[in-house]
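Engineer: Here's a sequence, model it:
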Amino acid sequence: MFTICVFTLFSTVVFGQKNDNIWLFGIAGGDQSSFDSTGVTMLDFSNGNKPEVIEKEPYTVNFTGTNTSMCDSAGNLLFYTNGEHVYSNNHKIMSNGTKIAAIIDGYGYRLPQGAIALPYPTVAGMYVLLTIEQYPNDALGYKLFYHTIDMSKNNGLGLVTAKRQLLVQDSLSWGKISATKHANGQDWWFVVPHKFSNIYYIGLLTPDGIRMDTCSIGEIVYDGLGQSTFSPDGCKYAKVDSKNSLTADQISLFDFDRCTGRLSNYRTHFLNDPNTFGIGCAFSKDSKYLYVNNTLLAYQYDVTSTDVFSTETVVAEWDGTLHKGIWRTNFYLAQLAPDGRILINTTNSSRSMHIINFPNNAGSACNFVQNALQTPTGITYEMPNFPNYRLGPLDGSACDTLGLDNHPLARWRWEQEDTLQPLSITFTDLSDYEPANWYWTFGDGQSSTAQYPVHAYGAKGVYTVCLVVSNANSADTLCRVLELGVSGTGAAVRPGGISISPNPANEYITIQSNQPQSGEMTVELTTATGQVAKRVTNFMAEGSSANVDIHTLPAGIYYCRVLVNGQAVHTGKVIITH
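Structural biologist: Predicted coordinates for the structure are as follows:
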């Protein structure tokens, strides 16, 4: 079956960077005694190290299953949905965003993974929202719709330009929409399982619209409450279904061809654990490990093994914690976060989530921590549904035809894991778009080419750490300031308030401070490979601006660092042209 939906387009291509930056949860209205909620919880991943937990009141948006949101490439919230309505970033219903589902009760649609939002290929500011509608009073989907959203309308608050456009009418799974990028790095594949069969609806979103097809593979799966997901590299597809009267909890694993959209190499595995309700899954960021949570136990599987399910390792067993002495804080849906961790919710109303801190590590080294994230409002078994927005083309494949090369995007986080050695820091690379080389400078004269280094500092202090990632196409640098064992930078050092102009520049740059600085000031310009190309010291004291001569430096992108008394007060990039 094919369905073609064509839209008016204009051409531009943008790789998503922070489209999954904001997550929303909670029951903001309704029966407080049942849901233990006073507002909506927002997780903001902007700082790159761990999410900021924000309570949003008095917004009265309720989530009870269906949940997805969309940010722009800079991480600013654009819109979100609970499956009933589409909301703008002012937390009010978007224009024409009412009643995207047939049944509205004010508590949010009940389907887990009942919606997913995708940037429209080649159309800046345009998005496609996919939603599943369920049969009334039945845990079964039967209609797949798309809706289009234009964020250029209504002064940036957006407009739903098309609503409830039917793609499929059939017996569909209870949610489980998942998506991944086409091998050309531009279009989007999405998959919706059929109910109680071996059929999968596979859609392709292109600049010409949406095309639907079906694939029959493997054995009949007695669909249950669960989840589906693609690996971050798009090469694996997994689906998990909770047990019912006919079968135990079941894992279905496939290879996926990002060129053709074909599923292959079907493998399945049953979990015979008693007393389970609901099951979830997620892949590690490096796509090596699949994690499956079935209420009481969490499992890890190495999907690079020739016998995947023989690698089964239990990485957590529910510790019995009850929220308010009533609600079990056990394991349910999972989602890979922008910081490389996996977040896991519970099957009940609670105010906590579980975290797998290092999913790329084997066995217990993955560091599964129960009830690690505390939320200010209640969460009622909903989990935001996102694809990997930072997936580029499959270089060298038959479908890599658009010239959209993978240009690495540097991202990383750090932790002080060892409390007995607080100056020993674990660095986790989160970079995207196929980096092949890593070069770290730790701000103390030491460096490393490891992807995940552990570095021990010799003394407390403020250090500027930089990661340069590169491949045959380009390089990118991300620098961040670490304050280790110090309470502050002192009155003489005032972080921020620094501007650099012009940028791009060809003869000189001007360092302008909006705040008086006292002491020795230094400007460093570093190349993409981490080499210091220019260092100027003692050029400004108790002043507000100074010039740095750059006319002898080769054209290119440079990392610029401004220090006062050896402590960084500004980091940024400077483009030099000649």
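Engineer: residue closest to the middle of the chain?
Structural biologist: Among the residues of the chain, Pro338 comes closest to the average C-alpha position under Cα atoms, centre = their mean, at 3.5 Å.
Engineer: That residue belongs to a strand, doesn't it?
Structural biologist: No: membership of Pro338 in a strand is not supported by DSSP: H, G, I helix; E, B strand; the rest coil, which gives coil.
Engineer: where do the strands sit along the stretch 251-400 of the chain?
Structural biologist: Taking DSSP state E, counting those that start in this stretch as the criterion, the stretch 251-400 of the chain carries its strands at 263-271, 280-283, 289-293, 297-302, 313-317, 322-323, 327-328, 334-336, 342-344, 349-356, 368-380.
Engineer: Tell me which of those strands sits nearest to Leu130.
Structural biologist: Using Cβ to Cβ as the criterion, the shortest distance between Leu130 and those is 16.8 Å, found for strand 334-336. In this view, the C-beta of every residue, glycine as well, is placed from N, C-alpha and C.
Engineer: quick one: strands adjacent to that closest one?
Structural biologist: With DSSP bridges as the criterion, the sheet partners recorded for strand 334-336 are strand 342-344 (antiparallel).
Engineer: What mean pLDDT does the partner strand get?
Structural biologist: This predicted structure assigns strand 342-344 an average pLDDT of 97.
Engineer: again, but for stretch 318-334
Structural biologist: Here stretch 318-334 scores 88 as its mean pLDDT.
Engineer: List the contacts of that stretch.
Structural biologist: For stretch 318-334, contacts defined as Cβ atoms under 8 Å, 6 or more residues apart in numbering pick out 36, 112-113, 227, 278-282, 291, 293-298, 316, 342-352, 354, 370-371, 381-383.
Engineer: returning to what we had before: contacts only, for the residue nearest to the centre of the chain.
Structural biologist: With Cβ under 8 Å, 6+ apart, Pro338 has these contacts: Lys18, Asp20, Asn21, Phe45, Leu430.
Engineer: same deal with Tyr389?
Structural biologist: Tyr389 makes contact with Gly16, Gln17, Asn19, Asp20, Pro119 under the criterion Cβ under 8 Å, 6+ apart.
Engineer: can you list the weak-confidence ranges in the stretch 401-550 of the chain?
Structural biologist: Low-confidence regions of the stretch 401-550 of the chain, defined here as pLDDT under 70, cover residues 419, 487-497, 514-519, 528-530, 538-544.
Engineer: need the helices for it, in chain order.
Structural biologist: Read by DSSP state H, counting those that start in this stretch, the stretch 401-550 of the chain holds no helices at all.
Engineer: Repeat that for the stretch 1-150 of the chain.
Structural biologist: Defined through DSSP H, counting those that start in this stretch, the helices belonging to the stretch 1-150 of the chain, from first to last, are 32-35.
Engineer: low-scoring pLDDT stretches of the stretch 151-300 of the chain, where are they?
Structural biologist: Segments of the stretch 151-300 of the chain classed as low confidence (criterion: pLDDT under 70) are 244-246, 274-275.
Engineer: mind giving me the domain split of the protein?
Structural biologist: When the chain is parsed with automatic domain parsing, its domains come out as 22-380, 405-477, 489-578.
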